[in-house]
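1. A predicted structure for the sequence below; I have some questions about it.
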Amino acid sequence: MRVEAVELHRLAIPLVRPFETSFGRQTGRVVLLLRVRTDVGDGWGECVAMVDPFYSSEFVSGCEDVIRHYLGPAILAADVTAESAAGLFSFVVGHRMAKAAVETALLDAQLRAAGRSFGSYFGAVRDSVECGVSVGISPSIPQLLDEVSGYVDQGYRRIKLKIKPGWDLEPVAAVRELLQPGALLQVDANTAYTLDDVEHLRELDAFDLLLIEQPFVEEDIRAHVALAAAISTPVCLDESIVNTEVAIDAIERRATSIVNIKAGRIGGYLEAVRLHDACLERNVPVWCGGMLETGIGRAANVALAALPGFTLPGDTSASDRYFAEDLTEPFVLRDGTLDVPTGAGSGVTVRDELVAAWAERPVEVLLRG
Ligand code: OSB
Ligand code: MG
């Protein structure tokens, strides 16, 4: 494929409700979108980086810069395919979220041209996926219960509560009490704890949680090994999993018995399929994480979540959990599931008028030559 132009679109989209985690509170999503214009047609990619480097070291402006100065020029200088992108980008260390966005745009262009869907290309075995919902830290327990009840009524198949020191046992107990017996419940600490908290975290064992996600800093695999040995709640890594090899190492060391797969965090969907395959081979259940994506990123996540190893509901919630209006046709929850798009490429159509309306700055275009 020959790439003629790379467009960088930086948008700001309001969220329907603030989203608070142990690392901060967001009222909107600043999102970097890429459109590649190629000799076989256009493709879109969404970058999962947040506006601040609080979830990972990557952030929107950093990704813009890496694409502007390195990844964009690289795909404009040589013939490229989604399959050759990772190799072409290997001269840049890290910056996986930026790389993932570019690779996904290339894949979208290439599969649209071939008339093939992301789901078919990834190896999807289902035409719809079970959905969970990630619930932010709330100003109070009654407000949390209100929000959770709303999601339960909508049909979400699993609740994930964001926790941090001072907001853990009490909200988890209250939500467990609210839910039907056997309902799926899990927690996500986004690195807010330390090994000094092991005795405290052990108290979560009383609530029959599916898993606790990323209690400790991303580099500290050893601390997760120690926690996993000390509590009965399964430990699941998110931030720590930066590629397939790191995941295999964490699995073999028993730091993680379940893996949260986010294609953006590990450099793209091709790597996500590799990671899925490695986990499936080892009988390690996986689920599809989310980063408050618009319909562009969500379409690809839902296709990924249709692979056989994704046996737990993902953070693949409906468009209306995030946005009053989505950038594509909305993803609508039906009996707790979302349909896997079947059209070519991502299978969704980007609403150019919304891309223009939510632009934070004029589109930046990188040209060949
Ligand atoms: O840790 O999974 C996370 C959102 C932004 C950054 C990190 C995380 C999240 C979520 C929301 O939990 C998942 C979603 O609904 O997209
Ligand atoms: Mg997480």
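-> Structure's in. What do you need? Numbering: from 1, shown residues only. Ligands and ions are numbered 1, 2, ... in the order given.

2. Now do the contacts for Gly115.
-> Gly115 makes contacts with Ala344, as judged by Cβ atoms under 8 Å, 6 or more residues apart in numbering. Placement of C-beta: from N, CA and C, glycine included.

3. and the gap between it and Ala300?
-> As judged by Cβ to Cβ, to the nearest Å, Gly115 and Ala300 stand 17 Å apart.

4. What of Tyr193?
-> Distance from Tyr193 to Ala300, by Cβ to Cβ: 31 Å.

5. Kindly report the same for Ser317.
-> Applying Cβ to Cβ, the value for Ser317 to Ala300 is 15 Å.

6. Same check on Asp208?
-> Taking Cβ to Cβ, one finds Asp208 at 32 Å from Ala300.

7. So which bits of stretch 218-231 are buried?
-> Glu218, Asp220, Ile221, Ala223, His224, Val225, Leu227, Ala228, Ile231 (16 or more other Cβ atoms under 10 Å).

8. Over to stretch 324-337?
-> Asp326, Leu327, Thr328, Phe331, Leu333, Gly336, Thr337.

9. ok, now stretch 109-116?
-> So, applying 16+ other Cβ under 10 Å, buried residues of stretch 109-116: Ala109, Gln110, Leu111, Arg112, Ala113.

10. For Glu203, report the pLDDT, please.
-> pLDDT for Glu203: 98.

11. Please verify my assumption that Glu329 contacts Gly295.
-> Yes. The pair Glu329 and Gly295 qualifies as a contact (Cβ atoms under 8 Å) at a distance of 6.8 Å.

12. Residue of this protein closest to ligand 2, please.
-> Using Cβ to the ion, the single residue of the chain nearest to ligand 2 is Asp238, 3.6 Å away.

13. the more surrounded of Asp208 and Ala300?
-> Using other Cβ atoms under 10 Å as the criterion, Asp208 and Ala300 rank with Ala300 on top: 31 against 14.

14. Need the three-state assignment for that one.
-> In three-state terms, and counting by DSSP: H, G, I helix; E, B strand; the rest coil, Ala300 is helix.

15. what sits against it?
-> Contact analysis of Ala300 by Cβ under 8 Å, 6+ apart lists Thr104, Phe118, Ala263, Tyr269, Ser346.

16. again, 10 Å this time
-> Counting by Cβ atoms under 10 Å, 6 or more residues apart in numbering, Ala300 makes contact with 44-46, 100, 104, 107-108, 118-119, 122, 263-264, 268-269, 272, 288, 293, 341, 345-348.

17. So for Val30, what's the nearest residue that isn't a sequence neighbour?
-> Nearest residue to Val30, sequence neighbours excluded (Cβ to Cβ, 6 or more residues apart in numbering): Val51, at 3.9 Å.

18. where's the one you found, which helix or strand?
-> For Val51, there is no helix or strand it lies in under DSSP states H and E.

19. and what of the one 4 residues further on?
-> Remark: Tyr55 resides in no helix or strand, with elements defined by DSSP H and E.

20. contacting residues around the nearest residue to it once chain neighbours are set aside?
-> Of all residues not flanking Tyr55 in the chain, Phe23 sits nearest, at 6.1 Å (Cβ to Cβ, 6+ apart). Going by Cβ under 10 Å, 6+ apart, Phe23 touches Met50, Asp52, Pro53, Phe54, Tyr55, Ser56, Lys162, Lys164, Asn190, Thr191, Ala192.

21. wait, the last one sits on Ile163?
-> Yes. Ala192 is within contact range of Ile163, at 7.3 Å (criterion: Cβ atoms under 10 Å).

22. who has more neighbours, these two?
-> Ile163 (25 against 21).

23. what about the nearest residue to the more buried one once chain neighbours are set aside, which SS state?
-> Excluding its sequence neighbours, the residue lying closest to Ile163 (Cβ to Cβ, 6+ apart) is Val187, at 4.8 Å. Following three-state DSSP, we place Val187 in the strand state.

24. and Val187, what is it in contact with?
-> When contacts are counted by Cβ under 10 Å, 6+ apart, Val187 touches 135, 159-163, 168, 171-172, 175, 201, 204, 207, 209-215, 233, 236.

25. Let me see the backbone angles for the one residue in the chain that gets nearest to ligand 1.
-> Ranked by Cβ to the nearest ligand atom, the top residue of the chain for proximity to ligand 1 is Gly290, at 2.4 Å. In terms of degrees, to the nearest 10, the main-chain angles of Gly290 are phi -140, psi 160.

26. What's opposite the nearest residue to Trp358 once chain neighbours are set aside in the beta bridge?
-> Excluding the flanking residues, the one nearest Trp358 by Cβ to Cβ, 6+ apart is Leu11, at 4.2 Å. With DSSP bridges as the criterion, Leu11 is bridged to Val31, Ala359.

27. what do you get for Lys160?
-> When bridges are called by DSSP bridges, Lys160 pairs up with Ser134, Gln186.

28. Pull the number of nearby residues for it.
-> 25.

29. quick check: domain ranges of the chain?
-> Listed domain ranges for the chain are 3-114+351-367, 119-339 (source: automatic domain parsing).

30. Quick check: end-to-end length of the longest one?
-> Right, the one you point to is domain 119-339. Its first and final residues considered, domain 119-339 spans 11 Å by Cα to Cα, to the nearest Å.
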